[in-house]
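Undergrad: got a sequence here, can you model it:
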Amino acid sequence: MSKDSQPVRKPRWSLFIAALPAMVFGAIAAAFLWGLFNNDDGLPSTMIGRDIPAFDLPPIEGRGEGLSTADLRGEVSLVNVWASWCVPCRVEMPLLVELAQTDSVPIHGINLKDKPAAARRFLAELGDPYDRIGADNSGRTAIDWGVYGVPETFVIDAEGRIAYKHVGPFNRRSLEEDILPVVRRLQQEQGA
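TA: Predicted structure coming up:
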């Protein structure tokens, strides 16, 4: 056998470089799968335990009263940030309407960057659970509250502090296991 006929050996590092795209893809896929099946739905909020931001929102055009800081003092309440263009808002609205019918807690709304006619149609179609709604046409109030997106629901204590924040649409389980226990605890503390 001549010197020229011996097989050429590739350096080991070239095998590593050839496998690198597959390893990177595998790492990214593993991260996505972990995120998909991770049950930690909580997003941190620096607003918990703090006073609600000062605000004074007008009503939705053609609807009764707006919403301001003063309206959220004196009793435990919920504030739901919503919009007619928000599909998940449609999902949680039947539960909000059902909750409003129990008269167990006042429910107020912040309507985010919505057209007044569209907001009124939304409420006429799905029901109106809100005692008061403020129209946040600029989105400034939502930013001050630390809203990530719609819908979001806040539990406000009687002193006007944010006690709990639920990001995204809630379902019956999260309403009964996460939101309402906080409401009931605060109502008991207020009555004591």
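
Undergrad: Provide the partner residues of the residue positioned nearest the centre of the chain in its beta bridges.
TA: Nearest residue to the geometric centre of the chain (Cα atoms, centre = their mean): V167, 2.2 Å. Residues in a beta bridge with V167, per DSSP bridges, are E152.

Undergrad: looks like it contacts G146 (just checking).
TA: No: shown here, V167 and G146 do not form a contact pair, counting by Cβ atoms under 8 Å, at 9.9 Å. C-beta: built from backbone N, CA, C; applies to glycine.

Undergrad: may I have the phi/psi pair for P181?
TA: Torsion angles at P181 (phi, psi; degrees, to the nearest 10) stand at phi -60, psi -40.

Undergrad: now it: how far from V105?
TA: 12 Å (Cβ to Cβ, to the nearest Å).

Undergrad: compare the two (neighbour count), which wins?
TA: Ranked by neighbour count (other Cβ atoms under 10 Å), P181 and V105 place V105 first, with 20 against 13.

Undergrad: excluding its backbone neighbours, what's nearest L78?
TA: The spatially closest residue to L78, leaving aside those adjacent along the chain, is I107, at 4.8 Å (Cβ to Cβ, 6 or more residues apart in numbering).

Undergrad: for that neighbour, list the residues it contacts.
TA: 77-78, 80, 96, 99-100, 129-131 (Cβ atoms under 8 Å, 6 or more residues apart in numbering).

Undergrad: if you set the cut-off to 7 Å instead, what comes out?
TA: Contact analysis of I107 by Cβ atoms under 7 Å, 6 or more residues apart in numbering lists 78, 80, 96, 99-100, 129-131.

Undergrad: now L126
TA: Contacts for L126 (Cβ under 7 Å, 6+ apart) come out as 90, 93.

Undergrad: just the pLDDT at it, thanks.
TA: As predicted, L126 sits at a pLDDT of 97.

Undergrad: renumber starting at 8 from here on
TA: Shifting the count to begin at 8 puts that one at L133.

Undergrad: ok, now how distant is it from S21?
TA: According to Cβ to Cβ, L133 and S21 sit 62 Å apart.
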